[in-house]
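**Student:** let's see this in three dimensions:
(one chain, ligands or ions: 1)
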Amino acid sequence: MAGRLIGIDLGTTNSCACVVEGGDYKVIPNAEGSRTTPSVVAFTDSGEELVGHAAKRQAITNPRRTLFALKRLIGQRFDSPKIQEAISHLPFQVAKATNGDAWVGVGDRQYAPPEISAIVLSEIKRSAEAYLREEVIDAVITVPAYFDDAQRQATKDAGRIAGLNVVRIVNEPTAAALAYGLVNKDKRELLAICDLGGGTFDFTLMEMNDGVFEVLATSGDTFLGGEDFDLALMQWLFKQFQETNGVDVSADQSVQQRFKEVAEKAKCELSSLDVVDIRIPFVIQGPDGPLHIETTLKRSEYEEMVTPLVNRMIAPIQDAMKHANQMPSNVSQVILVGGQSRMPLVQKRLQEFFGKEPNKTINPDEVVAIGAAIQGAVLSGDIKDLVLLDVTPLSLGIETQGGGFAKIINRNTTIPARDKRVFTTVTDNQARVEIHVLQGERELAEANKSLGRFDLVNLPPLPGGVPQIEVAFDIDSNGIVRVTALDLTTNSEQTMHIQPSSGLTEFEIQRMIRDASQYAEEDSRRRDDLKYIASTDGLLFSCEKAFADFGANLTANQNREVRQLLETVRQAVIAKDSSIIRANETKLLDVQGLLTTAAIAGSEDAVSVVDMEGDNDSNSGGVNVL
Ligand code: AMP
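**Tutor:** Modelled structure (predicted):
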């Protein structure tokens, strides 16, 4: 390993990176100063690539070219039921590639999911390099505990395409427990890890003993997350608007985008406040002027709206507890992961279920990345007193006569692991048996994932049911599986190594690595542009708010021109057109000054110090006289 190693939580909704330095951890801020980066990539109509916050901001206005939740697609076959369910929730195009994998389409280009995740990882790599002031190559990346081999390998491929050396893939709940392990390393505890993120709910029951972690059971709901909580509030806002103004704006894309942003912000504020004021100026132009939203929402009202969502966490938790044969009262720590777990009602419901207060000492948005960085420090030898036992996320076995599935290694078995079972033939004088290796939990072979097939040949002629064929599975600490079939009569043996594969060929990965570096310079220019647009958005928002509050203090002419300018710049921000914004930058700053004066003075006398009356050119799209 060279340079410093970073831990990355590559999330469905947001990603986060962390580094351990001198036994302490530091979360790495991105270029905009945020500690998490939306896992969103967008391609504008002119072909520019946006990533993170910039991409998220245009999600609703440009839904077919904004790619998110790629984690639901990564490393999966197009025909898998999970993909089909995910696609029904995604507004962009997901197609079947020639190799049978799910790829995403933007315009006439197709991207493999790891290629898109690599764009997010590249952004994180860049932020880390800027923060640490050195090249960053080595990384530990986390994945959900239920990810299979192909999904894990595809995540590794994404890292490679981004120019990272992924030294280890770690389960997210393991990482969360590791983050706590640093604090509580000498205790034996049963941990309930409740991860309510932006798009999914994952529950993991783990045992931690003297720095050794073991997963006992996992479960979850792949369609329950913060997005659903935003949607509930957004729909309430649409209803409020309709009741006040008699207009249904729920189908207007740019209104949706603004309402969604406001809904998410209000939702987050309601985690710490009892009531929030919600104001959205200029929603649409009505017959008698612009229509706004101005309302308040109490935490109790919001909690009532989303109680059914919060309650959906309980059934998967009960499932996992049953699987592990544990009672809620046996759990010694309830660990919160994922931004949505900050909601007090979520914490209250978990507290009711487990009979103890959830542990909130580590930031739930950051805990997984912190754990990944700690795992990195364990691997590089910087932290010595923690050992980590990983487990197989899914059962492994072979197909039996009639399409059944015989498990040889059960899921959640600690690795490295070895186990074997003896099988026999079905028909008389059978000279060969086919060993079809599968991974999954279903009873039927065809419902599980096929990892490969091989034949054991030259069996001696014996009646059906007599030969004894021992099938052994070995999994090493990197998750590589070796399957051996041994005929106990003749001692003849056949072995197969199963290397995890994401579905991408080496050739494809190399092409993606080249593409990523070729566009790096162009992307960096555009990123600067987007940073500029984002900073204008903040200024614009405060001007719009000041205008809604104090616009009445301006003269009629000033009022008209300021409104025009704000609308022009708002449209440019929505369209991500930096040239229009630059052309109006000075005017916007002047308007800010004007509105500040209007706010301070609150009287026409003071406002008239700045004279806008001389200009009547209403086609200018801005304020000219200032
Ligand atoms: P994650 O995928 O873990 O980053 O979680 C992101 C989700 O957490 C998003 O839906 C956020 O809106 C939500 N979130 C972040 N902070 C809060 C908060 N203070 N209260 C409620 N939800 C939050």
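**Student:** I'd say Val466 and Thr424 touch.
**Tutor:** Yes - A contact is recorded between Val466 and Thr424 when judged using C-beta atoms under 8 Å, the distance being 6.9 Å. For the C-beta atoms, the positions are set from N, CA and C on the backbone; glycine is no exception.
**Student:** quick one: contacts for the residue of the stretch 51-200 of the chain found nearest the ligand?
**Tutor:** In the stretch 51-200 of the chain, the residue that lies nearest the ligand is Gly197 (3.1 Å; C-beta to the nearest ligand atom). By C-beta atoms under 8 Å, 6 or more residues apart in numbering, the contact set of Gly197 is 11-14, 225-226, 337-340.
**Student:** buried ones among the residues you listed?
**Tutor:** When the contacts of Gly197 are checked for burial by 16 or more other C-beta atoms under 10 Å, the buried set is 11-14, 225-226, 337-340.
**Student:** could you list which of those residues also contact the ligand?
**Tutor:** 11, 13-14, 226, 338-340 (C-beta under 6 Å from any ligand atom).
**Student:** so which of these sit within helices?
**Tutor:** Among those, the members falling in helices (DSSP state H) are Gly226.
**Student:** what is the burial count for the one residue in the stretch 351-500 of the chain that gets nearest to the ligand?
**Tutor:** Of all residues in the stretch 351-500 of the chain, Asp365 sits closest to the ligand, at 5.1 Å by C-beta to the nearest ligand atom. Asp365: 21 surrounding residues under other C-beta atoms under 10 Å.
**Student:** ok, now Phe147?
**Tutor:** When neighbours are counted by other C-beta under 10 Å, Phe147 registers 21.
**Student:** check the one 5 residues further on too.
**Tutor:** Burial of Arg152 is recorded as 22 neighbouring residues (other C-beta under 10 Å).
**Student:** in the top helix by length along the chain, which of the residues would be classed as buried?
**Tutor:** The single longest helix within the chain, with elements called by DSSP H, is helix 520-550. By 16+ other C-beta under 10 Å, the buried positions in helix 520-550 come out as 523, 526-527, 529-530, 533-534, 536-537, 539-540, 543-544, 546-548, 550.
**Student:** could you do stretch 87-106 as well?
**Tutor:** Residues 87, 90, 92, 94, 97, 101-104, 106 are the ones in stretch 87-106 that count as buried (16+ other C-beta under 10 Å).
**Student:** among the residues you listed, which are in strands?
**Tutor:** Under the assignment DSSP state E, the buried residues of stretch 87-106 contribute 94, 102-104, 106 to strands.
**Student:** strands along the stretch 1-150 of the chain, start to end?
**Tutor:** With strands called from DSSP state E, counting those that start in this stretch, the stretch 1-150 of the chain shows them at 6-10, 14-21, 24-27, 37-38, 41-43, 49-51, 66-67, 93-96, 102-106, 109-111, 138-143.
**Student:** show me the shaky parts of the stretch 201-350 of the chain.
**Tutor:** Counting by pLDDT under 70, the stretch 201-350 of the chain has low-confidence residues at 210-212.
**Student:** how about the stretch 1-150 of the chain?
**Tutor:** In the stretch 1-150 of the chain, residues with pLDDT under 70: 1-2.
**Student:** tell me if I'm right that Ala369 and Gly11 touch.
**Tutor:** No - Ala369 lies out of contact with Gly11 (C-beta under 8 Å); the separation is 9.0 Å.
**Student:** ok, Asp228 - contacts?
**Tutor:** Residues near Asp228 by C-beta under 8 Å, 6+ apart: 306, 309.
**Student:** tell me which helix or strand it sits in.
**Tutor:** Using DSSP states H and E, Asp228 sits within helix 226-245.
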